[in-house]
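Colleague: can't give you the sequence, but here's the structure:
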């Protein structure tokens, strides 16, 4: 694994802080109804992505996840302006404005969604890994899911096949404690989700998802195991989301005191404290980073605001292959 250095922590701070502020802006414009539909934010879970990106080979490895999916493609290399434009429903978005919040894709950067069906991406991730093994491409797929998705039957079918075929995939459950509004403790007779891997003799463990250096180390070991041809790993990455499940979530299932306590473990604050403890940056240098982040978010907002909406025919052209589709209303 690449060494974790001063530069690593400074980069982690800037990128994680950008992801946080990028989504804070999304929350703001959502209230203004500039972003419509559902909006699921990643605030609090940034260390999971930061650590994974450090462990991955971004020239060939892949990632697929559920609908809390705005910052992952940015981390994989997608232009954040295009991601924000997609949320605005604009033609300059990653899917020409047709996918929206829950369906961000970036094939160029090997990010395969963005899936609104709970657990639907789990077998798809195994399918990507199967293709890589079949074509001997030496790539590994990171397949993410929320804790709620682990109660889906598709997970068990996928685990069975992935182990049977020794697929190059790492299954990662981002356990933020609540499946929408239901605590993990209420969904099964045990709260150690990683133990689901034991029934398939799949290597599995729970790890701290609030510290990127821990995620990076554990993820690297799992990725290299898959790359060697030894098969999948199941990681339960224990994290926490500071916002609701979505913007419409009243959060009656947890207390403000609980959230406040968990905010003391903020992964961005953790990284910043390490930077200060090692005197890797002064307060003025951190302020410069913060300004760069704010300016970058403003550029994304400006790009999305000024971009045009897609022409109506784009929707039909991407859905229907037959150009004279007979069920479209005739123009008078």
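Modeller: Arrived safely, thanks for sending. Predicted, not measured: the structure shown is a model, and the values here were computed from it. Numbers count the residues shown, from 1 in each chain.

Colleague: hey, where'd the strands end up in the protein?
Modeller: Counting by DSSP state E, the chain has strands at residues 62-64, 141-146, 169-175, 178-179, 182-183, 204-208, 233-238.

Colleague: ok now the fifth one, how far from the chain's centre?
Modeller: Looking back up the chat, that one is strand 182-183. 20 Å (C-alpha atoms, centre = their mean, to the nearest Å).

Colleague: that strand pairs with which strands, and in what direction?
Modeller: strand 178-179 (antiparallel) (DSSP bridges).

Colleague: chain center to the strand it pairs with: distance?
Modeller: Centre-to-centre, strand 178-179 and its host chain are 16 Å apart (C-alpha atoms, centre = their mean).

Colleague: just stretch 186-198 next, same as before
Modeller: Its chain's C-alpha centre and that of stretch 186-198 lie 22 Å apart, by C-alpha atoms, centre = their mean.

Colleague: now that stretch: buried residues?
Modeller: For stretch 186-198, the neighbour count (16 or more other C-beta atoms under 10 Å) marks 187, 191, 193, 194, 196, 197 as buried. (C-beta placed from N, C-alpha, C; glycine too.)

Colleague: any chance of the residues you listed in a markdown table, plus distance to residue 47 and pLDDT?
Modeller: Output for those, formatted as a markdown table (distance: C-beta to C-beta, whole Å; pLDDT from 0 to 100):
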| residue | distance to residue 47 | pLDDT |
| --- | --- | --- |
| 187 | 24 | 86 |
| 191 | 21 | 89 |
| 193 | 18 | 97 |
| 194 | 18 | 98 |
| 196 | 23 | 97 |
| 197 | 22 | 97 |
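
Colleague: if we can go back for a sec, any chance of TSV for the strands of the chain, columns mean pLDDT?
Modeller: Compiled in TSV, those are given as follows (pLDDT from 0 to 100):
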stretch	mean pLDDT
strand 62-64	98
strand 141-146	98
strand 169-175	98
strand 178-179	90
strand 182-183	90
strand 204-208	98
strand 233-238	98
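
Colleague: reformat the ones you listed as JSON lines; add mean neighbour count and distance to residue 263.
Modeller: Shown next, in JSON lines, are the strands of the chain (neighbours: other C-beta atoms under 10 Å; distance: least, C-beta to C-beta, whole Å):
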{"stretch": "strand 62-64", "mean neighbour count": "27", "distance to residue 263": "27"}
{"stretch": "strand 141-146", "mean neighbour count": "26", "distance to residue 263": "20"}
{"stretch": "strand 169-175", "mean neighbour count": "27", "distance to residue 263": "18"}
{"stretch": "strand 178-179", "mean neighbour count": "20", "distance to residue 263": "16"}
{"stretch": "strand 182-183", "mean neighbour count": "14", "distance to residue 263": "18"}
{"stretch": "strand 204-208", "mean neighbour count": "19", "distance to residue 263": "16"}
{"stretch": "strand 233-238", "mean neighbour count": "25", "distance to residue 263": "16"}
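
Colleague: can you put these in CSV and add distance to residue 262?
Modeller: Shown next, in CSV, are these (distance: least, C-beta to C-beta, whole Å):
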stretch, distance to residue 262
strand 62-64, 25
strand 141-146, 17
strand 169-175, 13
strand 178-179, 12
strand 182-183, 14
strand 204-208, 13
strand 233-238, 11
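
Colleague: out of these, flag the one nearest residue 14.
Modeller: Nearest to residue 14, of all the strands of the chain, is strand 62-64, at 20.5 Å by C-beta to C-beta.

Colleague: what is that closest one packed up against?
Modeller: For strand 62-64, the packing partners by 3 or more C-beta pairs under 8 Å, 6 or more residues apart in numbering; DSSP states H and E come out as helix 121-134, strand 141-146.

Colleague: go through the ones you listed and name the closest to residue 25.
Modeller: strand 141-146 (23.2 Å).

Colleague: who does that closest one pair up with?
Modeller: strand 62-64 (parallel), strand 169-175 (parallel).

Colleague: and the contacts of the first one?
Modeller: When contacts are taken as C-beta atoms under 8 Å, 6 or more residues apart in numbering, the neighbours of strand 62-64 outside the stretch itself are 52, 56, 72, 76, 110-113, 115, 121, 124-125, 128, 132, 139-144.
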